[in-house]
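With the sequence up front, the predicted model follows.
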Amino acid sequence: MNNTWVTKGLDANLENFELTDIMQLITQQAKSGFLTVKSSDGICSWSFNEGSLVDFDCEFSNHVLELKNILKQSSILSDSQLISLHKDNYLDTNHDLEKILISKNISNREELERTNLRRLIESFVITLQWTKGRYKFIPADKINHHPFLAPQDVNFIILESLRQIDEMAVMKKRLQPLDRIFENSLTLSDDESSGVNGILLQEGLKDQFDQGEFEVYKLFDGRRSLQEIIETSITGQFHSCDTIINFINRNVVALATTETGYQLRKSPEPVQIRNLTGIALLILSGALLLSTFLTVEFGNGRGSLKRPTLFSAIIDNLEADQQMTQKLARELLKQDNPNQSE
């Protein structure tokens, strides 16, 4: 390849030249500029300064990789908070948003740096699997560094991305077919009317999983397929596949069916009916318990009842039947032997 292409710029199809080759060439020649790749699935741009990766920006149609969406899905930032931040501050880029998060103690530098590194690697995992599209390199003299991402070695990011892609291919074979739908234990108990109970249940589950596992666990709602969970998880595709296999092996999630799955979740027994049934059973149990107590207390000669209880009435009826039977027997014997005295 002519090295002047990188200096003057490059615009070509992915079918003609692999993305990893152009990145390695940029690194070897310590070039500065912007490399952008675009396909029908999205667009991503990486900034290079003397061969090092110093910034990136991407947008994908089937993956949650935008910072604000990650913050919302992980419950770090709500919609109302985001609207308030946009209203009170000038937020033109992700960098502006990150600075506000730091200043308002919503997040810290270490968390943002970890999130951005994961996003960067995931952008490579996604784009390196594209077989169609175009890429373009535009040289530049001045490149701004990402304020919350240390400069990265391109070869390290490529190798880590390729490792994840290879291992992920093996894991996806184990998970086939990926259009299957699973559900977690929250699916049957956390409907729209559960409110606080659902929140408390989730808080309890957080103690059982690490943060990444819990983010994947929340996506098992009896609606999403395995493929959708892998793509929409904010933890990245590789981590999602590994976590899903772990969940299936531990029976943390189960295959949804028409009997125990989405249909049951959409048509649960009304909460009011369940509550009333429970109250009625409690009242009945209390009444039986009280009846037993009164029968024992007053049936042993320690008192008398003005009103018969349920159990005492049953006992009285049995005694009356027994007396009647004995009387009939005596009359029959008397008829057989008239001379027998009573």
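Yep, that arrived. Residues are numbered from 1 along each chain as shown.

Only C-alpha atoms from now on, for both contacts and neighbour counts.
OK.

Skipping its backbone neighbours, what lies nearest residue 64 in space?
With Cα to Cα, 6 or more residues apart in numbering as the measure, residue 232 is the residue that lies nearest to residue 64, at 5.3 Å, once sequence neighbours are left out.

Could I get the contacting residues of the one you found?
62-64 (Cα atoms under 8 Å, 6 or more residues apart in numbering).

quick one: which of those residues is most hemmed in?
Neighbours were tallied for each of those (criterion: other Cα atoms under 10 Å), and the maximum of 21 neighbours falls on residue 63.

Surely it touches residue 231?
Yes. In this structure residue 63 lies within contact range of residue 231 using Cα atoms under 8 Å: 5.1 Å.

And the helix or strand hosting residue 170, what's buried?
Of the helices and strands defined by DSSP states H and E, residue 170 is found in helix 154-175. Within helix 154-175, the residues that qualify as buried by neighbour count (16 or more other Cα atoms under 10 Å) are 154, 157-158, 161-162, 164-165, 168, 171-172, 175.

And for stretch 13-31?
Those buried within stretch 13-31 under the rule 16+ other Cα under 10 Å are 13-14, 19, 22-23, 26-27, 31.

Include pLDDT and secondary structure when you put those into TSV, please.
Written out in TSV, the entries for the buried residues of stretch 13-31 read as follows (pLDDT from 0 to 100; DSSP: H, G, I helix; E, B strand; the rest coil):
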residue	pLDDT	secondary structure
13	86	strand
14	83	coil
19	88	helix
22	89	helix
23	91	helix
26	92	helix
27	92	helix
31	92	coil
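
Include distance to residue 77 when you put these into CSV, please.
Output for those, formatted as CSV (distance: Cα to Cα, whole Å):
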residue, distance to residue 77
13, 39
14, 37
19, 34
22, 37
23, 34
26, 37
27, 36
31, 37
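
Name the nearest of these relative to residue 134.
Of all the buried residues of stretch 13-31, residue 13 has the smallest distance to residue 134: 4.4 Å, by Cα to Cα.

quick one: low-confidence parts of the stretch 1-150 of the chain?
The model of the stretch 1-150 of the chain has pLDDT under 70 over residues 1-9, 87-92.

Let's see that with 50 instead.
Counting by pLDDT under 50, the ranges of the stretch 1-150 of the chain that qualify are 1-2, 5.

The stretch 151-300 of the chain too?
Where the stretch 151-300 of the chain drops to pLDDT under 50, the residues are 187-200, 259-274.

quick one, helices of it?
Along the stretch 151-300 of the chain, the segments classed as helices by DSSP state H, counting those that start in this stretch run 154-175, 196-206, 211-217, 226-232, 237-249, 262-266, 271-299.

Give me the residues contacting stretch 135-151.
Applying Cα under 8 Å, 6+ apart, the contact partners of stretch 135-151 are 6-14, 19, 31-38, 47-49, 52-56, 95, 98, 109, 112-113, 116-117.
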